[in-house]
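Enquirer: Here is my input; please provide its structure:
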Amino acid sequence: MKTSILVVILGLTLLFSLSAATELKDGERDCKNFHGYCTTDLDCCTGYVCSRKLRLCVQTSWKKKDEVMNNWMI
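Expert: This next block holds a predicted model:
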């Protein structure tokens, strides 16, 4: 009985460590949604781009407006 409990606890520990290691892989959950801090377009999820001025993930159509405003101010 004690041996089977020990085996179950070790098995659960092994499963937990494997699932935690999978979550730590780069690129799994790294993308950011609306208003997430970013440095490049690769940081943002699909459909979002990194605004150069704000350094936030914004929707693609908003990026075009931001670029127009930046060109106008120059």
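Enquirer: Quote the end-to-end distance of stretch 41-50.
Expert: End-to-end span of stretch 41-50 (C-alpha to C-alpha, to the nearest Å): 5 Å.
Enquirer: quick one: contacts of that stretch?
Expert: 30-34, 36, 38-40, 56-60, 63 (C-beta atoms under 8 Å, 6 or more residues apart in numbering). From N, CA and C alone the C-beta is placed, and that goes for glycine too.
Enquirer: Name the member of those residues that has the highest neighbour count.
Expert: Within these, most neighbours by other C-beta atoms under 10 Å means Cys57, with 24 neighbours.
Enquirer: partners of that residue in the sheet?
Expert: Cys50 (DSSP bridges).
Enquirer: who's in contact with it?
Expert: 32-38, 43-45, 48-51.
Enquirer: Low-confidence ranges, the chain, go.
Expert: 20-30, 62-74 (pLDDT under 70).
Enquirer: what's the longest helix in it?
Expert: helix 2-23 (DSSP state H).
Enquirer: packing partners for that helix?
Expert: Helices and strands touching helix 2-23, as assessed by 3 or more C-beta pairs under 8 Å, 6 or more residues apart in numbering; DSSP states H and E, are absent.
Enquirer: Could you say which helix or strand holds Arg52?
Expert: Counting by DSSP states H and E, there is no helix or strand that carries Arg52.
Enquirer: distance of the nearest residue to Cys31 once chain neighbours are set aside from Thr13?
Expert: Leaving out its chain neighbours, the residue that sits closest to Cys31 by C-beta to C-beta, 6 or more residues apart in numbering is Cys45, at 3.8 Å. The spacing between Cys45 and Thr13, counted by C-beta to C-beta, to the nearest Å, is 33 Å.
Enquirer: again with Ser4
Expert: If you go by C-beta to C-beta, the gap between Ser4 and Thr13 works out to 15 Å.
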